[in-house]
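Peer 1: need the 3D shape of this:
(chains A, B and C)
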Amino acid sequence: MSFVLVQVIVGGLLLGAVYALFSSGLTLVWGMMNVVNFAHGDFVMLGMYVAFVVYTVLGGGPLIGAPLAMLVLATLGVIVYFALIRDIMKGPMLAQILGTFGLALLLRYSVFWYFGSNFNTLPSNLVGGTIDLFGIRIEASRLLAGVVALVVTLALHLLLTRTALGSKMLAVSEDSTAAQLMGIRPDTMQAIAWAIAAGATGIAGALIATFYYIVPTVGETLGIVAFVTVSLGGFGSVPGALVAGLLIGVIESLSGYLISAVYKDVVVYAMFLGFLWFRPQGLMGKM
Amino acid sequence: MRRAIWLSVALALVIAYPLLFSTPFQQRLGALVLLYAIAASAWNIVGGYAGQVSVGHVVFFGCGAYAAMAVYHHLQLSPLVGIPVGIVVAVGIAAVIGVPTLRLSGHYFSMATIAVAELARLIVINIEFLGAAVGLSGPPVPRNVFDVSFISALPYYYLFLIILIITLGITWWMTESRMGFYLRAIRDSERAARSLGAPASRTKLYAFMLSAGFTSVAGALYAMMFGFVDPESGLGILLSVKMLIMAALGGAGLLFGPLVGAAILVPLEEISNNWLGGKGAGLTFVLYGAIIVLIARFQPGGLLELVYRLVAKFRKAPEEVAAQGDKRAP
Amino acid sequence: MKFKHMLGLLSAAAMSLALTSGALAQQTVKIGAIFPFSGNAASAGNHAKAAIEVAMDIINNDHPELGDFPLAKGAGLPGLGGAKVEVVFADNQGSPATGQNQALRLITEEKVVALTGAYQSGVTLTVSQITEKYGIPLVNGESVAAGLTERGFKWFFRTTPVASDFARDYYDFLTDMKAAGAKVDSVALVHDNTEYGTSVANTITAAFKAKGMANIIDVAYPANATDIQSQVLQLKEKKPDVVIMITYTSDAILFAKTMQAQDYKPPMLLADDAGYSDPSFLKAAGNISVGAFNRSSWSVGKPGSPTAIIAKMYKDKSGDEMDDTAGRQMTGFLVLMEAINRAGSTDPAKIQAALKATDLKPDQLVLGYKGVKFDEKGQNILASGFIIQLQDGQNYVAVWPKATAEKPPVMPYKGW
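Peer 2: Numbers count the residues shown, from 1 in each chain, chains lettered A, B, ... in the order given. Take a look at the predicted model:
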């Protein structure tokens, strides 16, 4: 009994790490620019398709897929920033929702049009099968995603807190005009932030593709999870997203096992709402 | 005066539409535009005027839709009886969730409302009384006119039109009242509004409840027209987003913004689906998405705002017109 | 009363409109097909489209190689002087509202004489309300919600077996397996909480309990789950003898992968069609689901048989293997066309009468039904299925009942 419980918790942590991984990009742009990206789930989906193409064309695994997805998505991020975000950022929040929701449909159904509606997967042995650790079974692909989640979170956190680039980016997000007076170009900084955020999302997609199914509409499912993770963690807080992701993963896994799977999301949303009541700024967010 | 003339001309056109465009599909399209305009206008009360971007309005829509179907399903009553039931439930829910969530600002409020909507859907999907995952359907064959199940869209069209006029009338009355003044002040700066003595929390809550009530009516009308509601169609998050984008597209916070948004988006959606949907390549949504992106990018304040701007330019009297305005482009 | 009168008048007007335009459109019979071509179920919709296009090819062109298969010989519909079939496809986007709008458009603008579709039971329900009001036949080949044929509709016909039919088949199959030495005392029903999953699971539970099979474990989960490890662990702990999987493709893939990761193999895995029949599932997780039983009414049959030829035509068209879902949709469409041909007319009332008189034999069908014959509710009373097994991890073979089996069933479940 308790043995199974450990497996449930381990599974929850691994799931949570994945949630954290694909939420880190969202929290970055949300926190820094106050932009809600409704197309975030579809960025993850694009990362998954990059990994899928890498596998079908080159036969390569995530070692090639993830960096390539990062590059492709980072490029896309910069394009999206200059073509759309830069302008809608100045508008009301509604225009942001409108613009990014339209973008989500555009991306989702362009992929749909090109790749079709079939479900695809990568072979389950692409990342070395399953590890048996004293009877606790861990899929190598999920473990890899979990480890990368930690690395990406740490890297983003260090980038924001310890580097000159990070300070400049934060300066822009705090007060764009003041930053400009100090000779920082907000446009460049924000484009870089989008590149980093989209790139991280690309990595996430490429890794999730190794154990999840790949279909154009997958972003819908993942997008909402990312939203909840980011708001629970606090907008803009990269470590917050990690903690929130892990928390949601474990709660989902435990409630799915102990109560009933059909109520596990009910538990998560109820907890999230209750939490907002006590701490409206999220786990690690600033007010 | 001029405004009154324009309004009457527009109203006459709207009344004449189903007679001028009289094929069943065109009439139904007209009815759908009005239906979504009711929902989006209701959303506009809290989302546009008060600036509280709710992404959970589908909860109230679902209240109405489920109430209309449930009174028929369980009590064999006319679905019309569901309208007041739905309003009461929706306003009650709005009061309960409004108190905690309206304290939240900006994105947190939006996120909390998304969570509420998802929570509602996930709970209803397990409630046998509400048909669980199967959903509830209306009378398969209409027993009498009170079952609001017609073969022609014409009765729906005029029913929806009357309700839309009531919705817009009350919204207009609200904006002209003290409450509207408070709401605009809150939208511009809640802190400033509070410091000037506006009862921000109470005003927002009233707006939320009013908005919920009208959204619920839209839901009930939807269920009557389509004769069915299930968790996905009555409580799916996409519908919340739809209300929001219609309002935003036309012009949030403008009286006729949601109507203009619906008049553009609903035909766009239906006609592009007629045209491209059968090809099975998802091109409908590529087109739809692209158009939304372009509008957000080039006209973030909504299309009606653009019209007002053009009209103002034309008349060279900007201040007067930009604030309020006519219904459609001349 | 007055209203009913008006209703009748209006539908008569619509009908006569449909008729006159039918006569003008040089010998084509226009049929509407509503399926999900976008959204979560788009994969099923696109397969349905390919299936119907193959059926159109069979009808519209001469196919002597199909022998006596209905409508294969000669080009077009012989009953209407060789008229060709034209199908107008419409996307329901998975939404009951959109489905209904499209049904109205197909009837009033495209002037179709009959409809088929619409996959999701909720959409089929709203579509059937329109066809009923307009008096246009709707033949459904794939929606399984029991309530659809319980509404007293006159224009709705359904060819597919429904949950109570599956439940009976499963019970008989398990009884036979028990006689052959398999342990089938405890059964776990793994199902999502959609309309499909819940209704099928409830029907099976009721049917099994009525027959004295009391040990049933219910494992429900939310559809399109991000993770189902907890459910697999529950199964692993409770050790049921039989696991019945009632899942769509996305979750079926996740289950197969997670069961492998958790090293869980039930002694017997029996799938309820849907996800486990999807060719995408076989491609993605077939090799880790070896030995899975599945319900199906589709079987390729011997080389050279009509079904084998049709399977090949389908594969050439869609790039995927023919499966039960596509076969059921094709059957719904072909049954409709056979009735129109027999009616010798595109008058909806005559088509309706012909549908009511339908009596097709097993060798006239793509699927392994015992035939097609509608009861007064519009339900096909001869719909049935057999049990197939994924013995090589790539293709299913029929294993039950014995009469139609290609190979004997292999126990236990092998997995990977």
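Peer 1: count the neighbours of residue 261 for me.
Peer 2: By default, I'm working from chain A. Per other Cβ atoms under 10 Å in any protein chain shown, the neighbour tally for residue A:261 reads 24. Every residue, glycine included, has its C-beta placed from N, CA and C.
Peer 1: you looked at the wrong chain, it should be chain C
Peer 2: Residues near residue C:261, counting by other Cβ under 10 Å: 23.
Peer 1: how many neighbours does the closest residue to residue C:171 other than its chain neighbours have?
Peer 2: Leaving aside its sequence neighbours, residue C:171 sits nearest to residue C:211 (Cβ to Cβ, 6 or more residues apart in numbering or on different chains; 5.8 Å). Residues within reach of residue C:211, counting by other Cβ under 10 Å, total 14.
Peer 1: show the backbone phi and psi for residue C:211.
Peer 2: phi -90, psi 10 (degrees, to the nearest 10).
Peer 1: can you check the one 4 residues further on too?
Peer 2: Listed backbone geometry of residue C:215 is phi -80, psi 80, with angles given as degrees, to the nearest 10.
Peer 1: please point out which parts of the helix or strand residue B:69 falls within sit buried.
Peer 2: Here residue B:69 is covered by helix B:58-75, with elements defined by DSSP states H and E. With burial defined by 16 or more other Cβ atoms under 10 Å in any protein chain shown, the residues of helix B:58-75 counted as buried are B:58-73.
Peer 1: go on, stretch B:139-155?
Peer 2: Buried, per 16+ other Cβ under 10 Å, within stretch B:139-155: B:139, B:140, B:142, B:147, B:148, B:149, B:150, B:151, B:152, B:153, B:154, B:155.
Peer 1: just stretch A:154-172 next, same as before
Peer 2: Going by neighbour count (16+ other Cβ under 10 Å), the buried part of stretch A:154-172 is A:156, A:157, A:160, A:166, A:168, A:169, A:170, A:171, A:172.
Peer 1: ok, stretch A:68-76 next?
Peer 2: Those would be A:68, A:69, A:70, A:72, A:73, A:74, A:76, for stretch A:68-76 by 16+ other Cβ under 10 Å.
Peer 1: let's have these in a markdown table, adding pLDDT.
Peer 2: A markdown table is the format used below for the buried residues of stretch A:68-76 (pLDDT from 0 to 100):
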| residue | pLDDT |
| --- | --- |
| A:68 | 96 |
| A:69 | 96 |
| A:70 | 96 |
| A:72 | 97 |
| A:73 | 96 |
| A:74 | 96 |
| A:76 | 96 |
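Peer 1: closest one to residue B:111 out of these, please.
Peer 2: residue A:73 (23.9 Å; Cβ to Cβ).
Peer 1: so which helix or strand takes in that closest one?
Peer 2: Assigned by DSSP H and E, residue A:73 falls in helix A:62-80.
Peer 1: distance from that helix to the middle of the chain?
Peer 2: Taking the mean of its C-alpha atoms, helix A:62-80 sits 14 Å from the chain's own mean (Cα atoms, centre = their mean, to the nearest Å).
Peer 1: and that helix, what does it pack against?
Peer 2: Applying 3 or more Cβ pairs under 8 Å, 6 or more residues apart in numbering or on different chains; DSSP states H and E, one finds that helix A:62-80 contacts helix A:40-53, helix A:186-208.
Peer 1: name the residues that touch that helix?
Peer 2: Residues from elsewhere that reach helix A:62-80, judged by Cβ atoms under 8 Å, 6 or more residues apart in numbering or on different chains: A:39, A:43, A:46-47, A:50-51, A:54-55, A:58, A:103, A:126-127, A:144, A:148, A:191, A:194-203, A:205-207, A:209-210.
Peer 1: continuing past it, what's the next helix or strand?
Peer 2: Taking DSSP H and E, what comes next after helix A:62-80 is helix A:86-88.
Peer 1: show the pLDDT at the residue nearest to residue A:54 when sequence neighbours are not counted.
Peer 2: Residue nearest to residue A:54 in three dimensions, not counting chain neighbours: residue A:65, with 4.2 Å by Cβ to Cβ, 6+ apart. pLDDT recorded at residue A:65 is 93.
Peer 1: circling back: which of the buried residues of helix B:58-75 sits closest to residue B:174?
Peer 2: Checking the buried residues of helix B:58-75 one by one against residue B:174 (Cβ to Cβ), the nearest turns out to be residue B:60, at 17.1 Å.
Peer 1: hang on, isn't the closest one packed against residue B:217?
Peer 2: No - with contacts counted by Cβ atoms under 8 Å, residue B:60 stays clear of residue B:217, the gap being 9.3 Å.
Peer 1: what number of residues are in the vicinity of the residue of chain B found nearest chain C?
Peer 2: Per Cβ to the nearest Cβ, residue B:277 is where chain B lies closest to chain C, at 3.0 Å. For residue B:277, the neighbour count with other Cβ under 10 Å is 27.
Peer 1: residues contacting it?
Peer 2: With Cβ under 8 Å, 6+ apart, residue B:277 has these contacts: B:284, C:37, C:38, C:89, C:90, C:91, C:93, C:102.
Peer 1: again, 7 Å this time
Peer 2: Listed by Cβ atoms under 7 Å, 6 or more residues apart in numbering or on different chains, the contact set of residue B:277 reads B:284, C:37, C:90, C:91.
Peer 1: and what of residue A:97?
Peer 2: Neighbouring residues of residue A:97 by Cβ under 7 Å, 6+ apart: A:36, A:38, B:244, B:248.
Peer 1: before I go, just wanted to say thanks for your time.
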